[in-house]
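Trainee: Sequence isn't available, so here's the structure alone:
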């Protein structure tokens, strides 16, 4: 009997349009002989099932069901394609875990931790995982520009602490640019992280739970045409994404072992994509994404393809692992 799969997409953040693209790729790719796929749009003002003709049917948040033609539709599993809040910060994970509905992403705690860049880095540092020097600010804090620059140097990155797709990120070259960058970051989040600029090769490493085991996918090297891997570089073709990355064997081994260690230390499940920069030959962790882009152009699907895993297999495995 075919399983009913709810593909949740959209979300409450600036990333909702990217999420809709990812969700529709999953919807169009899932094996129709094995699954009944349903597109569920999650927005602040509505949760709806959207049928093939774009008709909308409200979702009952009490039990995550919908009623179509007087028939109640229940779901065997949820495929999470929401980038950012509430799909990547633990909210949806907690909701489905309370309802007892399997889902393809990591657990609630793991999602909450990895979505908060500074908390995640703090947890991983005792395990010997190298990171950039950083300075934290909460909205309303006194801003001491001299102290910030003394801690992280110039150039530096100013980032929204809980945001993805490079929203709220600026590269600051001069002290005079710092205040504006802080203002931009605070538009996305009430916590920000200011990080030392690490000059080196940047790589993205996909790690997934594949057939019950932690699997590190072929590594992607990021070469941005812009000053850094910003929104344009990620989504508007202003970067080269080279898979497999042009690393030495030693670099490849180091980042592969490290990425698997991070995944296992955090007790991750489902998809993850972490970013590293090599400084003095050592990979330094930047951040972890637990609901990475899933379009054909996205990094994780590119890596899976190089590993010989088709999109259909990638998505099927995620559902099978969730249903276990």
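Mentor: The structure has been received and is ready for your questions. Fair warning: this is a prediction, and the values are worked out from it, not measured in the lab.

Trainee: helix, strand or coil for residue 157?
Mentor: Remark: residue 157 carries the secondary structure label strand [criterion: DSSP: H, G, I helix; E, B strand; the rest coil].

Trainee: give me the beta-bridge partners of it?
Mentor: Beta-bridge partners for residue 157, by DSSP bridges, are residue 171, residue 195.

Trainee: Quick check, it in contact with residue 197.
Mentor: Yes - the pair residue 157 / residue 197 is scored as a contact, 6.4 Å apart, by CB atoms under 8 Å. Placement of C-beta: from N, CA and C, glycine included.

Trainee: more neighbours, the two?
Mentor: residue 157 (21 against 18; other CB atoms under 10 Å).

Trainee: any idea how far the more buried one is from residue 46?
Mentor: As judged by CB to CB, to the nearest Å, residue 157 and residue 46 stand 35 Å apart.

Trainee: Following the chain past the worst-scoring helix or strand of the chain on mean pLDDT, name the next helix or strand.
Mentor: Ranked by mean pLDDT, DSSP states H and E, the helix or strand of the chain with the weakest confidence is helix 231-235, at a mean of 47. Remark: after helix 231-235, the chain's next helix or strand is strand 239-242, criterion DSSP states H and E.

Trainee: Can you name every helix or strand that that following strand contacts?
Mentor: strand 220-224 (3 or more CB pairs under 8 Å, 6 or more residues apart in numbering; DSSP states H and E).

Trainee: Tell me the strands beside the strand it packs on, with direction?
Mentor: Take DSSP bridges as the rule and strand 220-224 pairs in its sheet with strand 202-210 (antiparallel), strand 239-242 (antiparallel).

Trainee: all helices of the stretch 1-150 of the chain, in order?
Mentor: For the stretch 1-150 of the chain, the helices defined by DSSP state H, counting those that start in this stretch occupy 16-29, 91-99, 108-115, 117-124, 145-152.

Trainee: For the stretch 101-250 of the chain, give me the ranges with low pLDDT.
Mentor: Of all residues in the stretch 101-250 of the chain, those with pLDDT under 70 make up the ranges 164-166, 226-238.

Trainee: Quick one: neighbours of the nearest residue to residue 43 once chain neighbours are set aside, just the number.
Mentor: Using CB to CB, 6 or more residues apart in numbering and skipping the chain neighbours, the partner closest in space to residue 43 is residue 10 (5.2 Å). Neighbour count of residue 10, defined by other CB under 10 Å: 27.

Trainee: Quick check: bridge partners of residue 10?
Mentor: Following DSSP bridges, residue 10 is listed with bridge partners residue 42.

Trainee: Let me see the contact set for it.
Mentor: Residue 10 sits next to 16, 19, 20, 23, 41, 42, 43, 82 when contact means CB atoms under 8 Å, 6 or more residues apart in numbering.

Trainee: do residue 167 as well
Mentor: Contact analysis of residue 167 by CB under 8 Å, 6+ apart lists 13, 14, 15, 160, 188, 231.

Trainee: That's all I had, so thanks and see you.
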